[in-house]
Structure formats: C-alpha cells, structure tokens
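Asks: Sequence first, predicted model second:
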Amino acid sequence: MSLSAADLHTVYSFLSNALSIDESTRKQAESALAQCENRPGFCSCLLEIIAARDSGCRDDARLLASVYFKNSISRYWRHRRDTSGISNDEKNHIRTKLLLHLREENTQIAIQLAVLVAKIARIDYPKEWPELFSILGQQLQSPDTLTSHRVFMIASQLFEFTWNLWKNDVQTILQTFSTISQSVITNSLVEHGHDLIIICERWLLCLKIIRQLIISGYPSDTTSAQEVLLVKEVCPVLLSAIQSFLPYYPAFRERQAQLCDFTKRSCTKLVKTLVVLQARHPYSFGDQTVLPAIIDFSLNMITNPDATIVSFEQFLIQCMVLVKSVLECKEYKPSLTGRVISESAASLSLEQRKKNISTAVSEMIKTILPSDRVILLCNVLIRRYFIFSAKDMDEWHQNPENFHHDQDMVQWTERLRPCAEALYIVLFENYKDLLSPIVVSILNEAMSGSPPLETEISHAMLLKDAAYTAAGHVYYELSNFLNFSDWFQGSLSIELSNKHPNMCIIHRKIAFILGQWASEIKGDTRKLVYHALIRLLQDNDIAVKLAACRSLCYLVQDTNFSEHDFSEHLPTCWSSCFKLMEEVEEFDSKIWEESTGESLLQIQLLVALRNFVCSLGHQSSICSNLLLPILKSGINIDNPDSLNLLEDSILLLEATLSNAPSMVPQLFDFFPYLVVILERSFDYLQVATSIIEEYIIFGGIEFLNRHVSSLAKILDHIVGSVNEKGMLSTLPAIDLLVQCFPTEAPPLIAGVLQKLILICLSQQDGDHPSRTTVVTSSAAILARVLVMNTNYFAQLVSEPALQQSGFSVNQNILLALADIWVDKIDSATVIQRKIYALALCIMLTLRMPQIIDILDDILSACTGVILGGGDETTTSEDDSGGDTTSSLALNSDGIGYAGISSKDLRMRQIKDSDPIRQFSLENMLNENLKACAAFHGDASFNAAISRIHPSAFAQLQQALKM
C-alpha cells in the first residue's frame, strides 16, 4: 500500500522515536521504518520531511530522514527483480523537489542531499534528467552565497562524472564535425538533428561547471603554494580541445553558420577558462606540463596565425589576455634572494616554496620567450595590430566620435587593438632595456617612410601612426632615448602644420602623444604644446578634437602646468571646449542617464563637473543646461543611488551656487531637496549651511518669499539638535540672514532666536573653546537683532516660551544678555565687538534702574572698542577668520582663474555695506549717555560715574574726546 501526504505525521513520529533514548521505543520505530522502505511514496514522504525545515521539524529527525532517503534511493532507484522499485512518477517528483531544495542550511543534511543528487544524476542524466545542469548553472550564479555553495557541494560530487562526460562529449562533437566538414551537402547538419546541438550546449555547460569547481572549490594556491592537481589535469586537455576545434572555424564559416558560431564560442571560452585558472592558481598553472605549451601556442597564434584565423578577433584577444596575465603575474617574478635548494621540500617554509616556484617559472618563461621572440612579438604588435584597417577608417569616416570612444575608452579586453596595446605595455615593462632601442628604431623608420607633408593615406602613414602609438604608451622609458623638444620641433610641429584632411590620422595621434608625454614637456616647448593643442581643439574632425581635449586635461593637471603661460590661450580654449560640447553626442547629461547604476562612474562625473564649474568661476552659467538635470537627479534622496552619490552631488550644488553670477529659477527649485536631506541626516551639515548662505546671498528677497517657511523649519531643526561643531557651521548662515534682512528675517525665525537666547543664558562653556565660540557667536546675532530691529527684540524677549524657561521677567533676560556681551567681548572678533558695544549702548536708553548698576561695565566695554579701533566705519583688517560669516573657507576650491568666486565677491560687498560698520559708536555712546542721565537723574548718574576707576574714566574721556 502506497504512502501519501496523509502519512507524513506517522513517518515523522517513527523518525523522532528512532532517536529516542528509550531502547524499546527506538527499536519499534526502526522496525516500522524498515517495513516502510519498500512501500511506494516512502521516499517522497522522507523528502517532504527533509524540506520542512521551517515547519517545526527537528533537525536531528530531518538528518535521519536524509540517511533513510539516501539508503532507499541506493536500493530502489534502479528497477530490480525482487522489488518494484520507485515509480517513474515518484522519480519525477523527487528530481523536481530536490532541485527546489538546494538551499539547505544544515550542513550535514546538505551533504547527504548533494550525494543523493550526484547518485541520481549518474543514473538518469541526460535521458531522464536533461535539465539538471542548466538549473545548477543558473543557481551557480545566484547572489545568495548559501545557494551557490550548496551547488558547489553537489558539483564536487559530480566532478569526475562531469569531467568524463565533457571529455566524451568533445570526442562525439569532433567526430560529428569531421563527418559534416567532409560532406558536400550544405545542410548535412540536419542529418545529425537536434541531438548534436544539445550535446554542444551540454558540453559548454560542463565546461562552466568544471571551471567554477576548480576556481571556487579550492583556495588559491598563492596562499599555500600547494599544487591544485586538477589544474595540471585539465589545462592540457583544454589546450588540446582548442587545437582540435580551431580548424573547423574556417571550414564551417561559409556553409555551417550555426556550427561556426559554436566553434567560435568554444575556442573563446576555452581560452577564457585558461585565463581564469591561471589567475586563480598561478603556481599550479606554472607547472612544466601546463604553462610552456599553452603560452607557446598563444604566442604562435598572435605572431603567426593562420590566414583564416586573423579574422577571429575574440580568440586572438583571449590569447593576448593570457600572455599578458602571465607576463605581469607577480607570482612569476623571481626573488632577489634566489632559490633554496639545500633543504627538503617538506621542511621549506611557505615563502621559500613560493620563491622556488617563482624562480622555476621565471626560467621557464625565459626559455619560451628568448630575446628574438620578444622582439618579434613587439614588432608584430606594432606593425600588425596597431595599424588601422580599411574597416577602421570606414568607421572613423562614418562616425568619428564613436570611433574615438571605441578605440581609446573601450574596455581593453573587448577590442583587438586596445588589447594589443595593453599587451605591448606589459611586454615593454618586462623587457624595457631590450625593447627601447627597437621601438625608437621603428619610430625613426616610420618617420623616414612618411614625410611630414605627406597627404596620402598610405601604409607608411598608418605605420607612423602605429609607431606614435607605441611611443606614446611608453614615454617614461623612451625619454632616455628620445629628446621630446627635438622630436616636437623637428617633426611633430611640422606635421601639425600640414592641414590636409587625411592628416587627421596623424594629428589625432600627436594629440595623444602630447598628453602622454606631459611630464617630459619642459621650458619653452610647453608653450608651443599649449598652442598646438588649442589649434587641434579647432580641428574639423571630432576624433581629433576629443583627443586634444583629453590631452589638454593631462597638461593642466600636470605639476609643471603654468597658469601664466596658459592664460593667453584661455578664451580660445573655453570657446573651443563649449563648441565641442555642442557638437558631440556623449558629452552631456546622456552620459549620466546611461551610467545609471554605475555609481563609481557617476561619482567621477560629479567630481569632474565640480572642477569644471570651479574653473569657469562666474562664467559657469554657460553650462547650466548640462549641469542642472544632473544636479536635480543627484540631490534627490529617492534616487536609488543616492547613498553613493549624495555627498558629491551636494558639493556640486555648493560649487554651482558659489560660482553663479545670479540665481536662475531652477536653482530655487532645488532648495526643498536640501531641506529633505537635512531633515534626514546632519552628515552633510557643513556644506549644506554653506549652500543656505549662497541662497541668501544670491536669492535675496525672492528666496525668502519662496522658501521662508522651509528655511525657518530647517534652521529650527538644526539649532539645539547638533553639537558645537554643527552650531559653528550653522550660526554664520543665521547671522547672514539677519544681516541681509534685519526687518523681515527676525520675526520669521523667532523660534531659532529664542533657542540662541537659551544657549547664551544656560550653557556653561567653561574651558571649552568651541562652546565659548558658540555662545560668543550666538550672542553677536542677538545683539545684531537688538541694534537693527530694537522694537522686535523687545517683543522677542517677552515671548511666553522664554518666560517659562526660568526667566520670570523680560528685564532679567535683557540684563543677562548684557552680562554675556560684557563677558564675551574680549573673545569676539572685531565686528562682533562693535555689535556688542552698540547693543550695550542701546541698553543705556532702557528705563531700567538696574542699568545704573552695570554702567561701569557698559562704559568699559564700549571704551575698549572705540580705543581699539573697532569703531571705524571701515575696517581694513580681514577678520573673516573669526567672523560668523567665515564659512567662506568651505569654498576654497571655488576659485577660478579670475582668483575669486562669485560668492566671495558678493560676501565682501555685504560686509562692506553692513550697517554695523556705518554706525558711529562714539556718537551713539555720547547721545545715549545723555539719555541715561536724563532718565535716572543727575544724582544717580553722577554717583555711578564716580565709581568708575580713574584710569578707566580717563580712557572714557579719551574715547569720547571729552
């Protein structure tokens, strides 16, 4: 009788009882399980219990179920005479369920399941389980680490099976290919039908699994210097397969497109597999049985390929990548201490074993690459792979911009010429003493064969272009063999004077050279190079312009860059750059849109734009169409990449506003984004408060009308919520707001001002300089409000919120503030000292009897400011370092060639027009002393004056010219 889902509880109870410590219970359960083994549905029940990890099933019971499951599969999966075995329907269910349950968290159970999958695969694959490897391959790429690890466990059980299957399949494929290639019937593939295609795809999938098993199934041998034997076993077989498949590429190219495509994929993937195995296990790959044959084959393919292979670019690229990987592999670089040979292998340390292997492989490479072969490879790379083909020239003609990007900015492993250039650079670095004279010789030969005034696109011109490429890439060594000034004036400058359209080939490469050799360009030659690149920026060919633009960047960034020498070219440079921006298709916000998800690239774009804006200075508005859409995207915290981009976007916004000659409407619309950012986090508070200052400066009353509620809300949110450092970033913005809008602003930020009063009156600054500065700056803002909006200040200090904060009457608050102004005047800046003194002067006019008690302190403070020079209506001293408006320092990068940013200019104007500077403290003190005497009476007033120390009174007389 079959078991079904209704029996799950019963089977589970048997398993649980089988784990009981009571012998009788355990034996009864084991007997019951033994009776169930040959019943249909028993394996399905066990699998359901194994998979029920989230349903309260005990792990020990699930583990026992996996053991019974494995034993049952071993006994009953194959049909036997003495039992009916497991039905086909149940087998289908089990196979499907197993692949759905790969993510097993319990390691012991996962091992049992891996063994089971491998056991069933050996019996049923591929006939009954054709989808096995495709599903495992998909799961292998899962971002979930546990899932991919469990697949590796299964695959490791299957390695021998997979490896043998792969080797059998390759023989089957090659035999079939041989038959098809000898057939004169074009559609002979039809005879072999769908099976061949399935075998081919299975073979590629097995290759992928084998590669992943060797890569991920073993730690890199660089950590242990222990051989990974599978590398030695597999790599020679892969090479043999490549050599066997390659002849079918030309054979199938004309008649069998599908098989030709498979051959290309196979050869390319096989070499890619060798590349990744070498990178993962370099010491094992460096074995005598592996590296020599593979590198020799790759070098032959590069230097002397069959004529039919030349068009197989992806294969040649991978051969170059493999040779490059070997040449630059640090594990193959011999140690200066030499090889240890006097000790047994067992007693050698890890580092000694590594040195021995490195020395052996280094000697091996010397044998594979003797001097004549190195020179041959260098010549072939330059003379064959660097030279533009007819197809290249057609692509250039059709779309110069795309051609430039494809040749110079594409990933080097995707195109043959960039890959050849990458291999050449590594080859030169390894053999620079040998190759430097060779490259110079090729360069001289090419220049002799193609005179500067040539106009035909000949092989000689293309060879010169290739030689210039070679010279450009290795300038750091060739500078010892080639004097750049002589080269430029004797050849390059003459070629630049040749305006024939065909010379765009050479002009583009000269632009490349001028950028590469930037550090070697000295003296007067640098001025000539600046001039040459500016002229190339005005070329008719966009590819030439783009190359010149990039090289100009290199020269400007070079440590030898001279602003003085370059300044005369600046107007032409800017106009040419902006004209280029209009002409090209990939130099605007489309780059930003197309790089969505590529955070590192977008960060680089943001940094480049910020540098660009800062360099333009007050002319930066000309790039608004490019800039504003990117800014809007970058400061939007709902952007999926905001976590990575927000900081650089905020810095770009700050630079944009700092250098803006005026506020454009779109910039007003960005302020709400800043509010949201600050509401979420104070991480960017310093730059954000600098941005608020810029909105106040450039936005004026329109900004206040548009965003006053948001501004007041965010300032109120900041003040009292941040530490001293945060307050010191925020107070300059508040001071600037009150200074620019003394009548309008204070009532709008009443809550903020009340908090500043509480900070002044309740915070004990002690010996903390930052706290002292916070109190000093806060008190200066309040003093400014009193001086410039006296009526509102009286209303402010009488607010109920302050009365409930421990200050019973408004007079006490005013007197307490007066004490602060007197106490902090010595630690204040020049402008703050005057604000304090003016506020104290106004206090003299208040009808408060307590004023007489502090008259001595008020007069002492005011006298000190007048005699100290703080009463001058214009102050030559630059006190921005201690002023509350000193956040200008944030914008030190925002200075262009004019020497000062728009924000700096406007801030200076605001400072110069500050009403505080216009007030005469001496006159005000004179007038207010008379008012004070009139209110308090001559007797009280004179008594208070008489209590002043004689020396202090003498200073008062001097200050007031009495």
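Replies: Now that the structure is in, tell me what you want to look at. Given the structure is predicted, the values throughout are model-derived calculations rather than measurements.
Asks: for the protein, longest helix please?
Replies: Ranked by residue count and defined by DSSP state H, the top helix of the chain is helix 145-182.
Asks: distance between that helix and the chain's centre?
Replies: Here helix 145-182 is found 38 Å from its chain centre; the criterion is Cα atoms, centre = their mean, to the nearest Å.
Asks: Buried ones in it, by neighbour count?
Replies: Buried residues in helix 145-182, defined by neighbour count with 16 or more other Cβ atoms under 10 Å: 147-148, 150-155, 157-159, 162-163, 165-166, 169-170, 173, 176-177, 180. (Each C-beta comes from the backbone N, C-alpha and C, glycine too.)
Asks: ok, how many other residues are close to the closest residue in space to Thr572 that isn't next to it in sequence?
Replies: Leaving aside its chain neighbours, Thr572 sits nearest to Ile534 (5.5 Å; criterion: Cβ to Cβ, 6 or more residues apart in numbering). Neighbourhood size, Ile534 [other Cβ atoms under 10 Å]: 18.
Asks: And the pLDDT for Ile534?
Replies: Each residue has a pLDDT score; the one for Ile534 is 92.
Asks: Assign it to helix, strand or coil.
Replies: On the three-state scheme (DSSP: H, G, I helix; E, B strand; the rest coil), Ile534 is labelled helix.
Asks: Contacts only, for it.
Replies: By Cβ atoms under 8 Å, 6 or more residues apart in numbering, the residues touching Ile534 are Leu552, His569, Thr572, Cys573, Ser576.
Asks: Please report the distance of it from Gly864.
Replies: To Gly864, Ile534 is 58 Å away according to Cβ to Cβ, to the nearest Å.
Asks: How about Arg706?
Replies: To Gly864, Arg706 is 43 Å away according to Cβ to Cβ.
Asks: ok so, going back, in terms of secondary structure, what does the longest helix of the chain contact?
Replies: In terms of contacts (3 or more Cβ pairs under 8 Å, 6 or more residues apart in numbering; DSSP states H and E), helix 145-182 is packed against helix 107-124, helix 132-140, helix 189-216, helix 229-245, helix 248-253.
Asks: Quick one: those helices as JSON lines, columns for mean pLDDT, mean neighbour count and distance to Leu652 too.
Replies: Output for these, formatted as JSON lines (pLDDT from 0 to 100; neighbours: other Cβ atoms under 10 Å; distance: least, Cβ to Cβ, whole Å):
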{"stretch": "helix 107-124", "mean pLDDT": "87", "mean neighbour count": "18", "distance to Leu652": "50"}
{"stretch": "helix 132-140", "mean pLDDT": "77", "mean neighbour count": "18", "distance to Leu652": "41"}
{"stretch": "helix 189-216", "mean pLDDT": "79", "mean neighbour count": "17", "distance to Leu652": "41"}
{"stretch": "helix 229-245", "mean pLDDT": "94", "mean neighbour count": "18", "distance to Leu652": "49"}
{"stretch": "helix 248-253", "mean pLDDT": "84", "mean neighbour count": "19", "distance to Leu652": "51"}
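Asks: would you turn those helices into TSV with distance to Lys27?
Replies: As requested, the helices and strands packed on helix 145-182 are exported to TSV (distance: least, Cβ to Cβ, whole Å):
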stretch	distance to Lys27
helix 107-124	24
helix 132-140	39
helix 189-216	43
helix 229-245	46
helix 248-253	65
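Asks: nearest to Ile637, of those?
Replies: helix 132-140 (35.1 Å; Cβ to Cβ).
Asks: tell me the contacts of Phe612?
Replies: Neighbour list for Phe612: Cys623 [criterion: Cβ under 8 Å, 6+ apart].
Asks: Return the mean pLDDT over the one helix or strand it maps to, rounded to an integer.
Replies: Element membership for Phe612, per DSSP states H and E: helix 599-616. Averaged across helix 599-616, the pLDDT comes to 81.
Asks: buried set for that helix?
Replies: Buried residues in helix 599-616, counted by 16+ other Cβ under 10 Å: Gln602, Ile603, Leu605, Leu606, Leu609, Arg610, Asn611, Phe612, Val613, Cys614, Ser615, Leu616.
Asks: which of the residues you listed lies closest to Ile948?
Replies: The shortest approach to Ile948 among the buried residues of helix 599-616 belongs to Cys614, at 54.4 Å (Cβ to Cβ).
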